[in-house]
Structures are given as C-alpha cells and as structure tokens.
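In: Next comes the sequence, and after it the predicted model I'd like to discuss.
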Amino acid sequence: MKLKRMFPCVESGCPVEVSEKSKNKTEVPKTGSLLLQFATALNVSLIFMGCGVADSWTSPALPYLRSKESEFTITVQQGSWVASLFNVGAIFGYLIYPLFIDRVGRKYALLILFIPQITSLILVYVAKSVIVLYIARVIGGLGFCAGEIVGYIYIAEIAEKKIRGSLIILEAISYNVGSLIVVTIGAFLSYNSMNLISLAIPLLFITIFPFLLESPYFRLKQNRKEEATKILSKLRGIKDPKALEPEINRMKEAIIEGEISKKYAMRKLFENKRHRKALLIVSLVKASTAFSGYLAVSSYSQEILSYSGFSLAPEYGTIVLTLVPLLFIIPTTPLVDYIGRRWLTLSSAIVCALTLGVVGFFFFLKYSLKIADLTAISWLPLVALVVFKISLMGGIYSTSNVLASELFPVEVKSSAFALISVSREILLFLINLGFEWSISNFGIYSVFWMYAVSCLILSAFSFYIMPETKGKNLEEIQMLLD
C-alpha cells in the first residue's frame, strides 16, 4: 500500500494575474476536454495499478513458493529478499528517470519504463529459480516506481488546476486497486494464473499508449511553442490560441524558474535553516510511516493472518484487509484540511500504535503465554490491522505527502524529494528484509510492539517541531519555519 510516492508536481498550475476576458475564456470547463484529461489519467493509472500488483504480489505468492506445490521451493530468508528487493529497484528508478525524462519527454519516458515493467512480470511468470525472482523484483521496482514519478509529473502538467487534485487522487487509488486485484486473484486462482493475469495491466497500457498526448510543458522546454499550443488546445477544448497565452506564459515562467532552481539546489537544502527544519519534519513523518511496518503488513499479510487462527482463511482475510481501507481513502482525504496537519498526524499515530499494540498483545497471549484457546478473539488481528491501515492512510500517510508539498520552496523541492524518497526506500528495504528475521529472533508480538512504539515516538517528535500549515499560503509557511 504505498499510496505510496507523491512527488513534487511541476509548478505549471500556479495562478497568474490575467485580464477578466482571458480569465473567463480559460476557466470555463469544456466537457470534452475534461473527458480527455480523465481518459488520459485513467490510462496512466494503469502504471500505478501495475505497481500495486507488483508490490503486493508477495502476499499471495510467498506462501505458495514455500509450499510443496511450488515448482521450486524457497526458504524463509529467500522470501524476505524476494519481498524487499522491489525497494532496491525503486532506488535505482528514482536515480535513473531524471536522465531521460527531459530528453525524450514525459510520454516516451512512460514508454521506456514500460520495458522493465513488462520484463519483470514475464520473468516472474517463467521463473524456475529464486535468482530469477530476485532479478525480476529489482527490475520491477525500477520500472514501476520510476513510472509512478513520471506519471505524477505528466498528470500535473496536462491537467487543469480545477481537476488536478482529483486526477492525482485517482492515481493514488489505482495503486490500491492493483493491490486488491492481486490478492483477490491469488485467493481464487492458481499461482501461474495470477502471474499471467498480472501481465494484462501493462499490456493494456501499451495498447492505449499511442493515443496519449505529449506534455505541453515538455514541448515548451524544447522551444516548440506552436506544438505546445496545439496540445494545450486539445486538452483545454479551446481553439483560440490567444486565449491560451496566459497559461503558456505561466508554463514558460515555471520552466525558467525550474532551470534556475536546479543550480546548487542540494547545497541550498542544507545551508538554509528553514530548509533543514522542513527536511527534518518531513523525514520524521515519512519515517514514522515506514517504521509502522505498513509495507511488511502488505507484503506478508497472508502469513500474518495465518498466525491468528481465525476461521476466515488468510487469503480471504487479505482481501478484507486490502478492500476495506481502500473504501475509506476518499472519505478520509479531507481530514487533513479539517483537523490540520499536526493533530491529524498525532491522532493517527496514536490509533496506529494502539492497533499495532493490540495485534502484538494477541500474539503475545498465543505464543508467549501459550493460551491455547483464543477462538473467541481470533478475529482481533484482522480487525485491528484494518483499523490500522485506515488510520495510516487517512492520517500520517496523507499528512506526510501534504507537508512535503507545502514545506519546501520550489528551488529545493526536487532535491528534497529525491533525498527523502531514496532514504525512505532504503528504510522500507531494511524493514521488509528484517521482518522474518525479527519474528524468528524476537517473536511476532515483539515485532508489532516495536512498530507501535517507533510509529508513535517518531510522530510525537514531528508533532513537537511541526508548524500548523492549515490555511496558510506558501510564503506564510516559510515564515513559520523560523
């Protein structure tokens, strides 16, 4: 569940002062143009969906690969590597995509990243050894995670400001839909069927790919204004080029500002006190989501639920664990603006810590105190984990993305996100890799208690130093960081 990787959107949507006549022309929504933008976002959402499939694939796959039914059997330690190497691939993806996104464009960057995506899924399908799975997971992490970044940038650059938020939420939801798809297929169909069906998502994307438009922002970077205007005309449903001039000019300004901000951006990030404080706050909130163990819960959900002894089979419990939180994504999203960033972060962390603590307590009763009959409360881990994921998605996870977008000014935003993203993936890799080892050495109850304590402490620290940014513009937020 990584609603995972919200990256800095390009500043092409910032408002500028225009005449009332131009304003009226550019802001009247055209039904056809809105449909085109939503259709484009739906196509790009297939990349996010594929990432959800690849990321959560381990939940139904690992139990099978460790069973006697598998063509080749893997050990517990090998399973940990299979689960965590996806994050290693993500690190490579974050480092590689900037090398070509401004050379070939957003559209063809998505095409390039389709190659590792489909390659990884094919390798999984034909794999006859764990080494091939290792390679597939690294390649998949690179292709899908870099594809997510390019997808966010692409959607931000083509979407009207009135629907940009909705389209970005659509992409985030798509990831979780992909997770739901793979755990559902894994519950009802064979391992090979699950892998084969997973191939359908990127293949559907590449089928529709020729109909995608290039980003007008990229065409302007190439000094091809006429082409950029034609593309923007289709996206906005406006035939008069003069009516599009304000938005074209805004894009040009953003391009110039972006080029200037690239110089010495990393040095500025650490030299300025405000930037250092922003980096600390966002890093703490991001770390609290990582140390909550949410990725381990998603990657090993079938295994975790199998420990509870609940009458509902683990594979079906995993569907519940994926579906119910998904239904709460949209209703809980506005909480960040109603409650505020600080209190939502803290309250979410408290709920997450309590539910993780409850899961740990159940397993403590079962495996440490060795209470034989816990049938009456065998449902407790599943319910607690559902509440945990709802609280995490509607709270800490949401605020971490919002704060990252608000606290960093444009001149350091890209550098800050790159640093935070790579650091987070390293943390997720280590946590995922160490999950099985921690259970073996400390007991599953201790693992959940460690998650609970880490999540609460890190969130409490961030709450203490975090300014409340609710209702503040970006200039006021920078003043709050003094």
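Out: That came in fine, so what should we check first?

In: how about the nearest residue to residue 336, chain neighbours excluded?
Out: Closest residue to residue 336 apart from its sequence neighbours, by CB to CB, 6 or more residues apart in numbering: residue 398 at 4.9 Å. The C-beta positions use only the backbone N, C-alpha and C, and glycine is treated the same way.

In: dump the residue contacts of the one you found.
Out: Residue 398 makes contact with 332, 333, 335, 336, 344, according to CB atoms under 8 Å, 6 or more residues apart in numbering.

In: Can I get stretch 101-113 in CSV, CA atoms only?
Out: Extracted C-alpha coordinates of stretch 101-113, given in CSV (Å, rounded to 0.1, in the frame of the first residue of the first chain):
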residue,chain,number,x,y,z
ILE,A,101,12.6,12.4,-18.8
ASP,A,102,13.7,15.8,-20.1
ARG,A,103,15.4,14.3,-23.2
VAL,A,104,12.6,12.1,-24.6
GLY,A,105,9.6,13.7,-22.9
ARG,A,106,7.0,12.5,-20.4
LYS,A,107,5.1,10.4,-22.9
TYR,A,108,8.1,8.4,-24.2
ALA,A,109,9.6,8.2,-20.7
LEU,A,110,6.5,6.2,-19.8
LEU,A,111,7.1,4.0,-22.8
ILE,A,112,10.8,3.4,-21.8
LEU,A,113,9.7,2.4,-18.3
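
In: contacting residues around it?
Out: So stretch 101-113 is contacted by 44, 47, 93, 97, 100, 143-144, 146-147, 150-151, 153-154, 157, 206, 209, 212-215, 217-218, 221 (CB under 8 Å, 6+ apart).

In: State the mean pLDDT of the helix or strand harbouring residue 44.
Out: Using DSSP states H and E, residue 44 maps to helix 31-56. Mean pLDDT, computed over helix 31-56, is 86.

In: Mind giving me the packing neighbours of the following helix or strand past it?
Out: Downstream of helix 31-56, the first helix or strand assigned by DSSP H and E is helix 58-65. Applying 3 or more CB pairs under 8 Å, 6 or more residues apart in numbering; DSSP states H and E, one finds that helix 58-65 makes contact with helix 76-96, helix 161-188, helix 191-198, helix 294-299, helix 301-308, helix 314-327.

In: One more pass at 6 Å, please.
Out: Packing contacts for helix 58-65, counted by 3 or more CB pairs under 6 Å, 6 or more residues apart in numbering; DSSP states H and E, involve helix 161-188, helix 301-308.

In: where among the ones you listed is the average confidence lowest?
Out: helix 161-188 (a mean of 83).

In: Just checking the distance from it to the centre of its chain.
Out: Its chain's average C-alpha position is 10 Å from that of helix 161-188, according to CA atoms, centre = their mean, to the nearest Å.

In: Run the angle between that helix and helix 31-56 for me.
Out: Helix 161-188 and helix 31-56 are oriented at 40 degrees to each other (axes from the mean of the first three to the mean of the last three CA atoms, to 10 degrees).

In: Tell me the buried residues in helix 161-188?
Out: 164, 167-168, 170-187 (16 or more other CB atoms under 10 Å).

In: Report the angle between it and helix 191-198.
Out: Using the same axes, to 10 degrees: helix 161-188 against helix 191-198 is 160 degrees.

In: now helix 161-188 and helix 314-327, what's the angle there?
Out: Using the same axes, to 10 degrees: helix 161-188 against helix 314-327 is 170 degrees.

In: which helices and strands does the helix or strand containing residue 270 pack with?
Out: In the assignment (DSSP H and E), residue 270 maps to helix 265-271. Contact here means 3+ CB pairs under 6 Å, 6+ apart; on that basis helix 265-271 packs against helix 410-442.

In: buried set for the helix it packs on?
Out: Burial within helix 410-442, assessed by neighbour count using 16+ other CB under 10 Å, is assigned to 410-421, 424-425, 427-429, 431-433, 435-436, 438-439.

In: do stretch 361-377 as well
Out: 361, 362, 363, 364, 366.

In: tell me the mean pLDDT for that stretch?
Out: 89.

In: Do me a favour and get the end-to-end distance for it?
Out: In terms of CA to CA, to the nearest Å, the two terminal residues of stretch 361-377 are separated by 12 Å.

In: from here on, count from 56
Out: Renumbered: residue one is now 56, and that last one reads stretch 416-432.

In: From the contacts of stretch 156-168, list just the buried residues.
Out: 99, 102, 148, 152, 198-199, 201-202, 205-206, 208-209, 212, 264, 267-270, 272-273, 276.

In: and the residues you listed, which of them are in helices?
Out: Counting by DSSP state H, the buried ones among the contacts of stretch 156-168 place 99, 102, 148, 198-199, 201-202, 205-206, 208-209, 212, 272-273, 276 in helices.

In: Quick one: low-confidence residue ranges for this structure.
Out: Applying pLDDT under 70 to the chain picks out residues 56-87, 216, 219-220, 312-320, 465-466, 469, 528-530.
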